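A.B. asks: can't give you the sequence, but here's the structure:
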């Protein structure tokens, strides 16, 4: 359903071509300064950029419906909405009968009947992540008050893979280029990968890496509410995500224990580890090292090329061409979304149980 | 915390060296036949096998404390316990001061104070998964009544990787060998990988693949309670898991959309897809294809080799050797645990909302 | 917090003098006809009436932000908002220092700091119930599809007590008079009770009775999610409620078992009870008889008379006079709110577990 | 279902005539001293007393399955069980066809099918409250660490009503007599009321009052998780409860606002109220005054007298006599149960959000 979280609770609502998308964020402590410009800035980060994204101009202006008075949280639920505009829903009619491969057209219609709102993807649209990013921006502020900062960057696009494991500062630098790569060189190569796919009427996938700095030891509520579990659940709500790994991740399968275990060391009077294959988590609880995870993003499902599909009424095979322009790669735009997802999960955990350091 | 699930709700309790480990499974419909022999069989599957596991004899006998009368569920909470025995907890005293690398010794003690029960790993021990498997066996029965079956196998151990994407039937065959490989040849190679690590006083990681057959279209409760999210949260509660991917997973990053999108086809009168890079899920909802996911398992943290650690009281670097014998690879034993985790998540989802097919 | 419910989940937001009050209702099945006129009608029922309520004109127009397209639910979250207008918040400044007796001024400010929004009562205002009634109207439609109808009426105001235990049809008749009494005679007497209090600058309490007709046997999820428990939790969220009782209620304390137990009888082929001291519930589960409960409403806390209070800054005793006009009795306006609360709790239960009849 | 609570979470399991009844209490902070003798003492308080209760000897010995090591909580889930013994279940067979008036025989069987375990009342038996009391005793210890104490007493039995509103100290004195009355005189009169009912093969109802002392200002998480709502939901899980009221309760209906509002005063440097018609709660949040509530308990449903019922198979009216001895009044035994319910709800709230004083 559309609510998640324990002591910091997020409810999403709206649909791609409905009046708005929005979020209710409940549990934000009173008296926190909420910089609306900053909120808007986060939302702007997920807008398509001229070069590699859709040219369609989305002006996503956040409006506050509750919970913030004179720039400060009141302790009541914070409600943020972004109105939708300029939506032409007619072209989606066809997908009722001929579902788009890689989209939720079929499963959503089967589950929710013909009355489901799939115009523009409805509740399954990437547009829902506008609200996620807005709420996540508040979660980020909450974390920053506790010295915790979240930064993501694009680790891979198509065949171009960043070989380095970037730290927080380098991840932040990705904000300087539109593909959200860690260096200008990588940005160039990744951009080409995206452009090439786009020119062929195709799309390409990617990997987003996220680094969380400044976490205290002690976040996480095992057995079930582990740091990994809470982040994963939030992250898999983001359309297009196919996998998540923490620290060494899938590479751990080929490793030896002697190589994988992170030795404990004393660093500035605190117990830390000499390296970070654990990704900052031991036993589902943060260990004071940077939290590191990677998220696999599939190639955009909407492509210009003709695709095989089925007319579900007649049962006949058919060919489907999706009109309009779509992002050939959503990985760059997914960066602020994954950051938001992580921030929301971590902020919730930070308001539960006790942490230590 | 130790409870998870909406309409099928699991609560775990116990500790590795406490009186028992146990599970309360709430929400099982009344009148379901519960084959205790089958339950016991599932639990036995996660016991270490003579060749590759620890020689320590764990006889894990399931006792029913509630919810099953005359072989049938009553509709009340089902409580299953397995008593612990023959535990020597003294050797764990040292780890209070010198935390074992790769273990939760430090984070658990920091979070829960000196009073936390870490004898044998306490609540962070793999032993907790006995209770998870027992509860999962009930969830499997519940799914089987609806025609849904779950099978896992070992896809990779160390450098040995099964190149094939096995279906349900092949996955089941893995039960015929102790490393849970899909073929005898792979079993041999993987066994060698494990033995080699063990002989060097080391351990090795692996990948478990899980296939769920017979799922109807329509399971999953987006926006947040997606199939992927629910399974992930459950899976990351299993000690040693570092990543999870569905369908194409991380390989999607290097793919084109035209290649990744699964075309819709008509199969025996039902809408299916021609291939399954989606892993059986579209928009967080099952699409009627087999659900496929892979889980990365890190190398066993307990190894015989000397490791660098820290005496947290004195702040001095020290060397730690962990006595006793430990599984050089837990991936084979993780198979029934991952199956159980998936079964529990899917059974819960199958009791919520409506499904269609 | 501001979210409640399992499979039908309500999130409230907004504040009395903020931009709006609103509700997100998640879990409404797709394809349900949602009559917006009917929605508006329910909301209008809680508006103050000329004779006995505040003359302040509240025009509460419901706007749909999501979840309803072309008059039908989409299966996505339904978001309803009512904008606030013409609010003069200045007079509330004083209550920061001198809390109003019977109000949440002190407890809210203590809990949520000075940043809490208490203008017009903020989130503690009866105005929040506009959103509750709007969401409850959707829940009513959901119940009506299953043949379940909810009707409340005023059972007591001050010294005037309706001696009869009214059934559903009689309860409905209360809609014909502004005090929501079951008969015109009672309406007259209750009206006088209210007017008398008002003329003395005072207020008076009351009792609202609620009858739910057409419930199947089998609603309720004990041990904890009993019908009584779910309704009570929802009802106590309504400002001003001091008690709730089901069936015989507190009168049961003076009864004998032989008198209280409802004998089973066969009625039109169904097992029913000869009388209904159980109030339609046995063991926390509906038994197919009408569900009956009563709710105690305290006298409006805001009164024109001078009251003793404290200047919490100086610690000096002071006298407080609350300006403006306030309802001398909120019981009549509470009727649709209590109905909504019951409808929401019952609709949620009806979407969980199985019911039988 | 059988789990309740947010940060302190209780799961009940077992059945009256199954192997045991038990509770898992999750979220108890580590390092709390848990006095098992005290735990046992609380459980013993709900045992029937020779004079007025059933002569059947219930020896309810608490066993700890997890969460307590060397007298201290570990931070893991605390599991407590009480084994059942000497149960003769045969006499319950008849109630499958002829449901006992006032019991859950019919509703439980309808909802959970013939497989429901109703021997001895199964999960609907008052016996489940043994586990509730055991868990509640831990919650009490948790509250006592914060200076909060809970005491209940019998306010009314049948026609005998205690006219005084007793404070905490007087409530505690009720432990000196078996009917749990506040004074010896009342104890005598109430005892007679119970004996008279018993001698006539009948039963009688009562009212339990509960006083909670030492609560800080600020407990409660409105809008929905009010103090009243949380306590009510827990209390209505207790078999036999028909109503609950806080502070003035139903008497508020006949009161004027000028009379009902509690004036604020300064007491020992703290803001308190001059009287306590609010029952210690304003706006769903504790206000620092004692929390006061009353619970209506129906007459024991099991009575020796012949009762009208129905053979649900044949549809014929019949007469039912319930063999064996039953408590003619459960109000005295309900006192520790209601205390436990309140303690559990309040301890959970005290672990959420912030409190102030």
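C.D. replies: Good, I have the coordinates. These numbers were taken from a predicted model, which means no experiment stands behind them.

A.B. asks: ok, which stretches of the stretch 201-350 of chain A are strands?
C.D. replies: A:206-213, A:241-246, A:264-267, A:270-273, A:281-282, A:285-286, A:291-297, A:307-311, A:316-320 (DSSP state E, counting those that start in this stretch).

A.B. asks: Is there proximity between the first one and chain B?
C.D. replies: Yes - shown here: strand A:206-213 in contact with chain B (Cβ under 8 Å from any Cβ of the partner chain) through A:206-207. In short, each C-beta sits where N, CA and C put it, glycine included.

A.B. asks: likewise the last one?
C.D. replies: Yes - contact check for strand A:316-320 against chain B, using Cβ under 8 Å from any Cβ: residues in range are residue A:317.

A.B. asks: for that strand, packing partners?
C.D. replies: If you count contacts as 3 or more Cβ pairs under 8 Å, 6 or more residues apart in numbering or on different chains; DSSP states H and E, strand A:316-320 packs onto strand A:307-311.

A.B. asks: hmm, who's touching the strand it packs on?
C.D. replies: A:97-101, A:316-322, B:258, B:261, B:263-266, B:271, B:274 (Cβ atoms under 8 Å, 6 or more residues apart in numbering or on different chains).

A.B. asks: measure stretch A:165-182 end to end?
C.D. replies: 10 Å (Cα to Cα, to the nearest Å).

A.B. asks: what comes up buried for that stretch?
C.D. replies: Under the neighbour-count criterion of 16 or more other Cβ atoms under 10 Å in any protein chain shown, stretch A:165-182 has A:166, A:168, A:170-174, A:177-182 buried.

A.B. asks: Adding secondary structure, distance to chain D and pLDDT as columns, could you present those residues in JSON lines?
C.D. replies: Formatted as JSON lines, these follow (DSSP: H, G, I helix; E, B strand; the rest coil; distance: Cβ to the nearest Cβ, whole Å; pLDDT from 0 to 100):
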{"residue": "A:166", "secondary structure": "coil", "distance to chain D": "36", "pLDDT": "96"}
{"residue": "A:168", "secondary structure": "helix", "distance to chain D": "30", "pLDDT": "96"}
{"residue": "A:170", "secondary structure": "helix", "distance to chain D": "37", "pLDDT": "96"}
{"residue": "A:171", "secondary structure": "helix", "distance to chain D": "33", "pLDDT": "97"}
{"residue": "A:172", "secondary structure": "helix", "distance to chain D": "32", "pLDDT": "95"}
{"residue": "A:173", "secondary structure": "helix", "distance to chain D": "38", "pLDDT": "95"}
{"residue": "A:174", "secondary structure": "helix", "distance to chain D": "37", "pLDDT": "96"}
{"residue": "A:177", "secondary structure": "coil", "distance to chain D": "42", "pLDDT": "95"}
{"residue": "A:178", "secondary structure": "coil", "distance to chain D": "42", "pLDDT": "93"}
{"residue": "A:179", "secondary structure": "coil", "distance to chain D": "42", "pLDDT": "95"}
{"residue": "A:180", "secondary structure": "coil", "distance to chain D": "37", "pLDDT": "96"}
{"residue": "A:181", "secondary structure": "coil", "distance to chain D": "42", "pLDDT": "97"}
{"residue": "A:182", "secondary structure": "coil", "distance to chain D": "39", "pLDDT": "97"}
